[in-house]
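[1] Fold the following.
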Amino acid sequence: MHDWRLIVREHLKACQPPADKDEGVITELASHLEDTYDNVLSRGVTEAVAVEVVLEEAEDWCVLAHNICRAKSREGLMNHRTKSLWLPGLASLAAANFFMLALTSISLEPQFLTRLNSGLGRSLYWGWLIAQFAFGALGACLSRRAGGTRIARIVAAGFPAIVMFFLCAVVVPVSALFEHNSLLFHHPLVFACGILTWLIAPGIVLLLGAAPFLTETELQEA
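    Reported below is the predicted structural model:
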């Protein structure tokens, strides 16, 4: 029975810098060599020949170790970014959208439609705006719990405003241009008021909600 971990460790000592201390790399290489060894043995060759074939396949140990380390590092970075940035940001966005959907459904009820022009519409807007504080706190809190940096927490908290910025900066102008809607171009102040109401104001409240979760020392870059 061959000790493939020991064989791998001995070969990795020649790398610059030595890679024989990374147990994850050693385990993965040893497992690969053992599988290859078993496959070669199944062809009816002797153990000595099988070992020789396996070692020939793993001729450049340092390159193999480097490739495994790079793949693990990239995978770890993607997993960390997903957990500390994308998932918290999507949670903040989903909460904001569901709340907006609920307010829209309420405002369309027959008993409320006649009251929208009498101040109910403004009350619903202020309720939605104040709720952004909770959504920003949600995104930043989840990001911090996942080990996100301060920048990751800010982005996760402000995800609803970031999506709204994309809509205002790209989707709305392009849609107006291709649909020949002159209202946007003839009334830029209306568009500016919309940006202030639906982008800047909620963005500020989202960041205020995130503020209590931005005080910890950054762990690593997002």
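
[2] which element is the closest residue in space to residue 97 that isn't next to it in sequence on?
    With sequence-adjacent residues excluded and distances taken as Cβ to Cβ, 6 or more residues apart in numbering, residue 97 is closest to residue 160, at 7.6 Å. (C-beta placed from N, C-alpha, C; glycine too.) Element membership of residue 160 [criterion: DSSP states H and E] is helix 159-166.

[3] and the next helix or strand after that helix, which residues are buried?
    Counting by DSSP H and E, the element after helix 159-166 in chain order, helix or strand, is helix 172-178. By neighbour count on 16 or more other Cβ atoms under 10 Å, the buried set for helix 172-178 is residue 172.

[4] What's the end-to-end length of stretch 142-159?
    Using Cα to Cα, to the nearest Å, the end-to-end distance of stretch 142-159 comes to 13 Å.

[5] which residues touch it?
    For stretch 142-159, the external contacting residues (Cβ atoms under 8 Å, 6 or more residues apart in numbering) are 80-81, 83-85, 87-93, 135-140, 162, 203, 206-207, 209-210, 213-214, 216, 218-222.

[6] buried residues in the helix ranked longest in the chain?
    Ranked by residue count and defined by DSSP state H, the top helix of the chain is helix 120-145. The neighbour-count criterion (16+ other Cβ under 10 Å) identifies 124, 128, 131-133, 135-144 as the buried residues of helix 120-145.

[7] Okay, buried residues for the helix or strand just after it please.
    Following helix 120-145 in sequence order, the next helix or strand is helix 150-157 (DSSP H and E). Buried residues in helix 150-157, defined by neighbour count with 16+ other Cβ under 10 Å: 150, 152-157.

[8] what inclination does helix 150-157 have with respect to helix 120-145?
    150 degrees (axes from the mean of the first three to the mean of the last three Cα atoms, to 10 degrees).

[9] Can you tell me the closest non-neighbouring residue to residue 128?
    Residue 128 sits nearest to residue 103 (Cβ to Cβ, 6+ apart), 5.7 Å away.

[10] Quick one: list the elements packing against the helix or strand that neighbour falls within.
    Secondary structure from DSSP H and E places residue 103 in helix 87-107. The contact analysis (3 or more Cβ pairs under 8 Å, 6 or more residues apart in numbering; DSSP states H and E) places helix 87-107 against helix 120-145, helix 150-157, helix 159-166.

[11] Mind putting those helices into JSON lines with distance to residue 47?
    What follows is the helices and strands packed on helix 87-107, written out as JSON lines (distance: least, Cβ to Cβ, whole Å):
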{"stretch": "helix 120-145", "distance to residue 47": "52"}
{"stretch": "helix 150-157", "distance to residue 47": "52"}
{"stretch": "helix 159-166", "distance to residue 47": "58"}
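
[12] Of those, give the one that comes closest to residue 63.
    Closest approach to residue 63 among the helices and strands packed on helix 87-107 (Cβ to Cβ): helix 150-157, 33.3 Å.
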